[in-house]
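Student: got a predicted model here, sequence first, then my questions.
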Amino acid sequence: MKGRNLPAFLAAAGAVLALAVATGGAVAGERQSREHATGPLPDWYPYVASDILKWAQPAAGVWVDLGAGTGGVGLAVATAEHEAAAASAIVLLDPDTRALSQALSRGREQGLENRLVAVEGVAEKMPLLDNSVDLVFSRGSIWFWQDPVEGLREVYRVLRPGGKAMIGGGLGDDYPEWARREFMRRRRGSREADSPQAKEFARRRHPDTMRQWAKDAGLTEFEVTGRGALPADDPRTGSGNWLRFTKQELQ
Ligand SMILES: C[S@@+](CC[C@H](N)C(=O)[O-])C[C@H]1O[C@@H](n2cnc3c(N)ncnc32)[C@H](O)[C@@H]1O
């Protein structure tokens, strides 16, 4: 991070794999025409990053990609053309250290410098101080947490008053419609719609489930958004399912 030091708590977190690499570089965000729909689909992470930044309008500071995996969203946010993003440290937090190492390598390839910190941990017990984070974003992860309610309590705990969280999954509002349809077609093709796994997949991803988790976590002000207010095996779904909230300012 240029011109500032990473907060001491991060250095003290114990499980920190720090990364200091070179500057610049935007996420490629490959675009592709519908004629090539058999090949790889356009990268959805820049679209998701754009939605996060558009909604949160976050203050620069410490931002956490929760359940970061190989860093798709975190790197897209880190390299977005956005003033606060360019001035923020991005913490990639995940229990999977191999995925985190890959994320750091990819960060290096993209020429980031001193902006990424990888922390081994789980949502349910984040190795972060109370009121220490300006933004938490998390894509495609909450459905794998052992205890989503406890994870959401933790998100609230680590956020600073006024800090924002956007948690859920999806391809981004502006992801091209043809590619969204193709994505869903391929995903549906990969599992039996009536299987118990598919039903559980759909139940967990239903916005009502997210609403219940948020309520159970004690959140009083939040919104669950997304055009994908449908089970995941419904052919009309695919846009996503997001919980968004702001930690209340101190009175
Ligand atoms: C489907 S991947 C999504 C990765 C990335 N966010 C993305 O959009 O590509 C789900 C990630 O959640 C992580 N995960 C699983 N349980 C978790 C937990 N309890 N807390 C935080 N992350 C968890 C997994 O290790 C995995 O990297």
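Tutor: Noted; the coordinates are in hand.

Student: tell me which element residue 203 falls in.
Tutor: In this structure, residue 203 sits in helix 196-205 according to DSSP states H and E.

Student: tally of neighbours for the closest residue to the ligand within the chain?
Tutor: Using CB to the nearest ligand atom, the point where the chain gets nearest to the ligand is residue 69, with a distance of 2.8 Å. Heads up, the C-betas are built off the backbone N, CA and C, glycines and all. Neighbour count for residue 69, taken as other CB atoms under 10 Å: 19.

Student: for it, which residues are in contact?
Tutor: By CB atoms under 8 Å, 6 or more residues apart in numbering, the residues touching residue 69 are 94, 96, 99, 103, 140-141.

Student: give me the lowest-pLDDT entry from those residues.
Tutor: Lowest in pLDDT among those is residue 140, which has 94.

Student: could you check how far it is from residue 129?
Tutor: According to CB to CB, to the nearest Å, residue 140 stands 26 Å off from residue 129.

Student: what residues does the stretch 1-150 of the chain have near the ligand?
Tutor: Residues of the stretch 1-150 of the chain lying near the ligand by CB under 6 Å from any ligand atom: 66-69, 72-73, 94-96, 99, 122-124, 139-141, 144-146.

Student: now these: which count as buried?
Tutor: 66-69, 72-73, 94, 99, 122-123, 139-141, 145 (16 or more other CB atoms under 10 Å).

Student: farthest-separated two in those?
Tutor: Farthest apart among those by CB to CB are 72 and 122. That separation is 18.9 Å.

Student: surely residue 55 and residue 166 touch.
Tutor: Yes - between residue 55 and residue 166 there is a contact at 6.1 Å, judged by CB atoms under 8 Å.

Student: which residues are common contacts for the two?
Tutor: Joint contacts of residue 55 and residue 166 (CB under 8 Å, 6+ apart) are residue 244.

Student: who's more crowded, those two?
Tutor: More crowded of residue 55 and residue 166, by other CB under 10 Å: residue 166, with 22 against 16.

Student: residues in contact with the host helix or strand of that one?
Tutor: Using DSSP H and E, residue 166 falls within strand 159-169. For strand 159-169, contacts defined as CB under 8 Å, 6+ apart pick out 51-52, 55-56, 58-59, 61, 66, 131-143, 152, 155-156, 205, 210, 224, 226, 240-250.

Student: ok, of these, which come out buried?
Tutor: 51-52, 55-56, 58-59, 61, 66, 132-143, 152, 155-156, 205, 210, 224, 226, 240-245, 247.

Student: out of those residues, name the ones that lie in helices.
Tutor: Under the assignment DSSP state H, the buried ones among the contacts of strand 159-169 contribute 51-52, 55-56, 152, 155-156, 205, 210 to helices.

Student: could I get these as CSV with pLDDT?
Tutor: Below are those laid out as CSV (pLDDT from 0 to 100):
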residue, pLDDT
51, 95
52, 97
55, 96
56, 97
152, 98
155, 98
156, 98
205, 81
210, 93
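
Student: list just the nearest of the residues you listed to residue 40.
Tutor: residue 51 (21.2 Å).

Student: quick one: residues contacting that closest one.
Tutor: Residue 51 touches 166, 170, 172-174, 242, counting by CB under 8 Å, 6+ apart.

Student: so where's the stretch 1-150 of the chain shaky on pLDDT?
Tutor: 1-37 (pLDDT under 70).

Student: can you pull out the helices in it?
Tutor: Per DSSP state H, counting those that start in this stretch, the stretch 1-150 of the chain carries helices over the ranges 8-11, 45-56, 72-78, 83-86, 97-109, 148-158.

Student: on that earlier part again, mind picking the two most distant members of the contacts of residue 51?
Tutor: Distances among the contacts of residue 51 were taken as CB to CB; the most separated pair is 166 and 174, at 15.6 Å.

Student: sorry, back to before: which one of the helices of the stretch 1-150 of the chain has the most crowded surroundings?
Tutor: helix 72-78 (a mean of 27; mean count of other CB atoms under 10 Å).

Student: packing partners of it?
Tutor: On a contact count with 3 or more CB pairs under 8 Å, 6 or more residues apart in numbering; DSSP states H and E, helix 72-78 meets helix 45-56, strand 62-66, strand 89-94, helix 97-109, strand 116-120, strand 133-139.
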